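Q: Sequence and computational prediction follow.
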Amino acid sequence: MQFSQNLTDNIAYLHKKLNVDANFDVVYRVIHVGGRDGCLYFIDGFTKDDTILRILQAFPSIKPEDMPPDAHGFSKQYLPYGEIGMVDNSEQMIVQLLSGISCLFIDGYDKCLTIDCRTYPARGVSEPDKDKVMRGSRDGFVETLVFNTALIRRRIRDPKLTIEIMSAGESSHTDIAVCYMEGRVDKELLSTIKGRISRLVVDALSMNQESLAECIFPHKWFNPFPKFKFSERPDTAAASILEGNIIVLVDNSPSAMILPSSVFDIIEEADDYYFPPITGTYLRISRMAISTLSLIVTPTWLLFMQNPELIPEWLAFIRLSDPYNVPLIWQLLILEFAIDGLRLAAVNTPNMLTTPLSVIAGIVLGEYAVKSGWFNSETMLYMAFVTIANYSQASFELGYAMKFMRILILILTALFNIWGYVLGMVLTVCAIVFNRTIAGKSYIYPLIPFRFSELKKRFLRGRLPHQEKG
């Protein structure tokens, strides 16, 4: 609907559309401007009161003969605030109002004047709990989109950095920022991503980035390996943009979605670059090795226990020291689920109780579980290593993908012995090799297709590229 020049008609329509009588936080203020009536709409809690006050204080001094003939002239002459716009469509105006923008109507003008003096409740940009580093920046993304874009702009002061705003959701109208570096980004992929976002037909992005990820890339559900890399670190997002990747930020989400992402991208962490090359290389290779061991340690041990004759002499110490009452496969599976239960309990436990309950859980599930005969000490040892190894890399999605494949290998090994172990390993390799990024390229590039120069960069952290002036 287009607005009318009659203020009374506009107020009647908006009062009905916004249900002003029932919504206490939808505030309207009738004012007088240059001998005319006006009405200001805003959402309580989203507006900087001091800015609105300064703007309203100037209106009584405007004389009727000084009123411009249209809204454009009024905004230039009497609204000195920086972010002023004009809207003539009611649907656009309502979305902007509910986003926190103040809207001013003046009798005789057929356009709404929008004043962007929003302020959102926000927490500090403190270091995220998951993406911590031993050295480097200590700030992190928050739930307010404009703060997150500012954190990236602070690191890339180049006009080629482009941040486009989009929205999705019939009810939520969630803001989405697409960030990329002009001249470095894959234009075909960028066009694909923007096209998919613009064509989304969804009521709301209730789960923020996860909802968006599932909408723009409905991949096969049975492959657990992640297609996206998520990071709560602005320095990681900025570095990815400079490398030619696309960063997608969603309002109300404190993390950035990095596209495209291969398995090597997901394994990388900021600490790899905050230390000298030799230290960064060691950290990267250690992380890859530990992640691989977390996948194969327990299935390989189970295979050896089922086939003692395969155990070499130098590994004789891995044999069970005590007889077992519960089959080993059930011990391992029970512990796999019990560890997730402890993780969920830790998330929902009040901070003041986390330490004492962790001690109690460690004693009960550790010492007494072994003494009671439910578990063998060797099973507890290997599962403890697997649990700690899962936290060696920051991606929850990759950690759970490794967990699901490990459980699959365990079950196949228990059912079909050596052939089951081989089948499980083959299925895991296939799940990685035949996976594709959102750009449709190999998930394990530069391993397939093979490029030695690029592969060397994935494993060895070289010196950062630089040039000297002169």
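A: Great, that's in hand.
Q: use CA for all of it now, contacts and neighbours both
A: Noted.
Q: L40: helix or strand, and which one exactly?
A: strand 36-43 (DSSP states H and E).
Q: buried residues in that strand?
A: By neighbour count on 16 or more other C-alpha atoms under 10 Å, the buried set for strand 36-43 is 38-43.
Q: Would you convert those into CSV that also reports pLDDT and distance to D251?
A: Formatted as CSV, these follow (pLDDT from 0 to 100; distance: C-alpha to C-alpha, whole Å):
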residue, pLDDT, distance to D251
G38, 93, 32
C39, 94, 29
L40, 94, 26
Y41, 95, 23
F42, 93, 20
I43, 93, 18
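Q: between those, which is nearest A237?
A: I43 (32.3 Å; C-alpha to C-alpha).
Q: worst-scoring helix or strand of this structure, pLDDT-wise?
A: helix 351-363 (a mean of 66; mean pLDDT, DSSP states H and E).
Q: gap between whichever helix or strand comes after that helix and the chain center?
A: Where DSSP H and E defines the elements, the next helix or strand beyond helix 351-363 is helix 369-371. Taking C-alpha atoms, centre = their mean, to the nearest Å, the mean C-alpha location of helix 369-371 is offset from the chain mean by 40 Å.
Q: just stretch 446-458 next, same as before
A: 27 Å.
Q: Quote the end-to-end distance of that stretch.
A: 8 Å (C-alpha to C-alpha, to the nearest Å).
Q: what comes up buried for it?
A: 446-447, 455, 458.
Q: Mind listing residues that contact that stretch?
A: Under the criterion C-alpha atoms under 8 Å, 6 or more residues apart in numbering, residues 264, 433, 442, 445 lie in contact with stretch 446-458.
Q: Separate out the buried members of those.
A: Looks like the contacts of stretch 446-458 have 264, 442, 445 buried, using 16+ other C-alpha under 10 Å.
Q: Run through the residues that contact the first one.
A: If a contact means C-alpha under 8 Å, 6+ apart, then F264 has 444, 458 as its contacts.
Q: ok but it is inside a strand, no?
A: No - counting by DSSP: H, G, I helix; E, B strand; the rest coil, F264 is not part of a strand but helix.
Q: how close does it sit to K229?
A: 10 Å.
Q: Quick check: mean pLDDT of stretch 226-241?
A: Averaging pLDDT along stretch 226-241 yields 93.
Q: List the buried residues for that stretch?
A: 226-238, 240-241.
Q: Tell me the one of the residues you listed nearest T413?
A: Distances from T413 to those, taken by C-alpha to C-alpha, are shortest for P226, at 25.0 Å.
Q: Secondary structure of that closest one: a helix, I assume?
A: No - secondary structure of P226 (three-state DSSP): coil, not part of a helix.
Q: I'd say it and Y400 touch.
A: No - contact status for P226 versus Y400: not in contact, 9.5 Å apart, counting by C-alpha atoms under 8 Å.
Q: which stretches of the chain form strands?
A: 26-33, 36-43, 84-87, 102-106, 112-115, 161-168, 174-181, 229-231, 246-250, 256-259 (DSSP state E).
Q: packing partners for the shortest one?
A: I take that to be strand 229-231. Judged by 3 or more C-alpha pairs under 8 Å, 6 or more residues apart in numbering; DSSP states H and E, strand 229-231 is in contact with strand 256-259.
Q: picking that back up, which two among the contacts of stretch 446-458 are spaced furthest apart?
A: F264 and V433 (12.5 Å).
Q: so what sits against both of the two?
A: I444.
Q: Flag every buried residue along stretch 395-411.
A: 395, 397-399, 401-411.
Q: just to revisit the earlier point, now, among the buried residues of strand 36-43, which is nearest to L427?
A: Of the buried residues of strand 36-43, the one sitting nearest to L427 (C-alpha to C-alpha) turns out to be I43, at 54.3 Å.
Q: Quick check: closest non-adjacent residue to that closest one.
A: V26 (4.9 Å; C-alpha to C-alpha, 6 or more residues apart in numbering).
Q: The one you found contacts G45, doesn't it?
A: No - applying C-alpha under 8 Å as the test, V26 and G45 come out as separate, 9.8 Å apart.
Q: Of the two, which one has the most company?
A: V26 (18 against 14; other C-alpha atoms under 10 Å).
Q: Provide a list of residues in contact with that one.
A: 18, 20, 41-44.
Q: For these, which two are the farthest from each other?
A: L18 and D44 (13.8 Å).
Q: Need the strands of the chain in TSV (columns: distance to S61).
A: Below are the strands of the chain laid out as TSV (distance: least, C-alpha to C-alpha, whole Å):
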stretch	distance to S61
strand 26-33	8
strand 36-43	13
strand 84-87	20
strand 102-106	16
strand 112-115	19
strand 161-168	38
strand 174-181	38
strand 229-231	51
strand 246-250	42
strand 256-259	47
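Q: Which one, of the ones you listed, ends up nearest to T144?
A: strand 246-250 (8.8 Å).
Q: picking up where we left off before, relative to S211, which of the buried residues of stretch 226-241 is nearest.
A: Nearest member of those to S211, counting by C-alpha to C-alpha, is F228, at 12.6 Å.
Q: shaky segments in the protein?
A: In the predicted model, the chain carries pLDDT under 70 at residues 219-221, 352-368, 462-470.
Q: Need the nearest residue in space to the spatially most central residue of the chain, chain neighbours excluded.
A: Geometric centre of the chain, nearest residue: S255, 3.5 Å, by C-alpha atoms, centre = their mean. Among residues not flanking S255 along the chain, E232 sits closest, at 4.2 Å (C-alpha to C-alpha, 6+ apart).
Q: Can you give me the distance of the residue lying closest to T428 once chain neighbours are set aside to P446?
A: In space, and not counting its chain neighbours, T428 is closest to M405: 6.2 Å by C-alpha to C-alpha, 6+ apart. M405 sits 23 Å away from P446, going by C-alpha to C-alpha.
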